[in-house]
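>>> Fold the following for me, if possible:
(one chain, ligands or ions: 2)
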Amino acid sequence: MKFSNLKLKTPYLELEPPFYTKVEPTPLKNPFLISASQDAAKLLGVDEDLNLDEKLVDIINGSLKLEGSETFAMCYSGHQFGHFAGRLGDGRAINLGKVNGWNLQVKGAGLTEYSRQGDGRAVLRSSIREYLLSEAMYGLGISTTRALALIGSDTDVPRKRWEKGAIVLRLSPTWVRFGTFEYFNSTGEHSKLKTLADYVIEESFPHLKGVESAYLKMYAEIVKNTASTIASWQSVGFNHGVMNTDNMSIDGRTIDYGPFAFLDDYKKENICNETDRDGQYRFSNQPATAHWNLERLAVALSPIINYDEMDEILDDIFRPMLEKEYNKIMQAKMGLEKEDEDDKDLLYQLLRSLEMASVDYTLFFRKLSRFNGDKSPILDICINREYLEKWLDMYESRLAKEDLAIKKRHEKMLAVNPKYILKNHILQEAIEKAQADDFSMIDDLLTVAYKPFDEHLDLEYLTKPVPMSSKNLKLSCSS
Ligand code: AMP
Ligand code: MG
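Ligands and ions are numbered 1, 2, ... in the order given. Predicted coordinates:
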């Protein structure tokens, strides 16, 4: 199947306005393909080379439509930095329709009913970040929206300076957000909450169709999925940066890549978003923020589901599940298979030691995956060696309780501790090259994004140390 021969359906349009408004994309000038993901295309049932599909760029750019496609923008609201923001909606993303369970959306495709003060565009810089991170999170095994292709253009877009406009074709099983429910609660259109809940069950939780207390169970699923995604963020050191409720997917997957960062040196209180003055969305606060966002969702759903029952579910499930999943991943990252009552303390001590040692989070675990009793390869990457020296003594005694042969333990740890993480400094290098019309790094980064646990000997340059001046940088929301 060729991408341009896909036939789309538009089930969301059955909900009727005000769930969405129909809108035509505004094409960019002189569009060109920068990168396409054959891996993401497979999700749609596409097996022919995207690079040879002469209609791909025009379809993404909106000058050509796939069969069955009817374009629309979705309405939602949300809490931004703790405050209800009123009606938001897709201000620059336009939905094309759905195939094989995946909804296609072009981000940066022009003005919509919901653009407010915005220009409906996305710049090359932020589009490269979204394109690569969608695929990198997938490669890391983290629940996420996907990206099929990235196009560039000659259209000038004003930001702090003039930048070029770009479009990412994104895919998701759902584009409904916590904020979609919040919108219909805020307008008092409570019957629409039911319509939306039925749609979400059909689209994201079909096993709940016709089940007793289906809405409450839907809420429980959302809580579980969110807990699970946040556990994986915390374990890999991912800081989302803008956890507004409009950026929370209703099926719990990672969505809307803005000023995110992977931790460079382990820094619990890392803030990656320049706008986040109080550190509300700092790394350590992500679990609490997700909990707070789930409370906002419960409030929005309260006209159709008993609030106290949702609150009980949230209390019973969220923290225990997040902790359990996080601890499980961290045990695997440390190569520990047996359960030991002191393991929680061992992990706590590790995180404290990492913070004091000033050491790269990803590199530390990769080095630990080859630990054979010789501490120096690990201590050599620390600015302050003494903290991890003590911890490694504890770790060595703990390892003595394990049965696994050292070689096997190394293999298992290397399969869960990534070598390649798309940190901001390396993304920035790729962006600067792309802005000078050299797109070569994007496909290199895509290659390692899919296989972050493998060695890629010809792509070693992508793991070079983060320069001191680029460590734990804050990024602007401007995109
Ligand atoms: P974000 O911070 O990217 O999650 O966006 C928050 C809201 O602002 C969403 O409703 C976006 O659609 C909208 N938005 C962000 N950038 C633009 C833009 N350049 N033009 C129109 N709307 C935008
Ligand atoms: Mg958003």
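>>> Show me which positions of the host helix or strand of L297 end up buried.
Secondary structure assignment for L297, by DSSP states H and E: helix 286-301. For helix 286-301, burial by neighbour count (16 or more other Cβ atoms under 10 Å) applies to 286-287, 289-291, 293-301. For glycine as for every other residue, the C-beta is placed from the backbone atoms N, C-alpha and C.
>>> Between those residues, which sits nearest ligand 2?
N293 (13.1 Å; Cβ to the ion).
>>> check contacts around the closest one.
79, 178, 226, 243, 245, 248 (Cβ atoms under 8 Å, 6 or more residues apart in numbering).
>>> by contact count, what packs against the lengthiest helix in the chain?
Identified as the longest helix of the chain according to DSSP state H is helix 307-333. Using 3 or more Cβ pairs under 8 Å, 6 or more residues apart in numbering; DSSP states H and E, the elements in contact with helix 307-333 are helix 214-236, helix 286-301, helix 343-357, helix 406-414.
>>> one step back: so does the helix holding L297 get close to ligand 1?
No. Using Cβ under 6 Å from any ligand atom, we find that helix 286-301 stays clear of ligand 1, coming within 13.5 Å at best.
>>> Now find how far off-centre that helix is within its chain.
The chain centre lies 18 Å from the centre of helix 286-301; the measure is Cα atoms, centre = their mean, to the nearest Å.
>>> CA atoms only: put that helix into PDB for me.
Below are the C-alpha coordinates for helix 286-301, written out as PDB (Å, rounded to 0.1, in the frame of the first residue of the first chain):
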ATOM      1  CA  GLN A 286       5.800  15.500  37.300                       C
ATOM      2  CA  PRO A 287       4.000  12.800  39.400                       C
ATOM      3  CA  ALA A 288       2.200  15.400  41.500                       C
ATOM      4  CA  THR A 289       1.300  17.400  38.500                       C
ATOM      5  CA  ALA A 290      -0.200  14.400  36.700                       C
ATOM      6  CA  HIS A 291      -2.200  13.700  39.900                       C
ATOM      7  CA  TRP A 292      -3.400  17.300  40.000                       C
ATOM      8  CA  ASN A 293      -4.400  17.100  36.300                       C
ATOM      9  CA  LEU A 294      -6.300  13.900  36.900                       C
ATOM     10  CA  GLU A 295      -8.200  15.700  39.600                       C
ATOM     11  CA  ARG A 296      -9.100  18.400  37.100                       C
ATOM     12  CA  LEU A 297     -10.300  15.700  34.800                       C
ATOM     13  CA  ALA A 298     -12.400  14.200  37.600                       C
ATOM     14  CA  VAL A 299     -14.000  17.700  38.200                       C
ATOM     15  CA  ALA A 300     -14.800  18.000  34.500                       C
ATOM     16  CA  LEU A 301     -16.400  14.500  34.500                       C
END
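>>> Highest neighbour count among the contacts of N293?
T226 (29 neighbours; other Cβ atoms under 10 Å).
>>> what's downstream of the helix or strand encompassing S127, the next helix or strand?
In this structure, S127 sits in helix 124-139 according to DSSP H and E. Moving toward the C-terminus from helix 124-139, the next helix or strand (DSSP H and E) is strand 146-152.
>>> same for the helix or strand following that next one, what does it pack against?
Counting by DSSP H and E, the next helix or strand C-terminal to strand 146-152 is strand 156-158. If you count contacts as 3+ Cβ pairs under 8 Å, 6+ apart, strand 156-158 packs onto strand 162-172.
>>> on that earlier part again, can you dump the C-alpha atoms of the helix holding S127 in CSV for me?
Taking Å, rounded to 0.1, in the frame of the first residue of the first chain, the C-alpha atoms of helix 124-139 are listed here in CSV:
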residue,chain,number,x,y,z
LEU,A,124,11.4,24.1,11.7
ARG,A,125,13.2,24.1,15.1
SER,A,126,10.2,22.9,17.1
SER,A,127,9.0,20.6,14.3
ILE,A,128,12.3,18.7,14.2
ARG,A,129,12.1,18.3,18.0
GLU,A,130,8.5,16.9,17.8
TYR,A,131,9.3,14.6,14.9
LEU,A,132,12.4,13.1,16.4
LEU,A,133,11.1,12.8,20.0
SER,A,134,7.8,11.1,19.0
GLU,A,135,9.9,8.4,17.4
ALA,A,136,12.6,8.4,20.1
MET,A,137,10.0,7.9,22.9
TYR,A,138,8.6,5.0,20.9
GLY,A,139,12.1,3.5,20.6
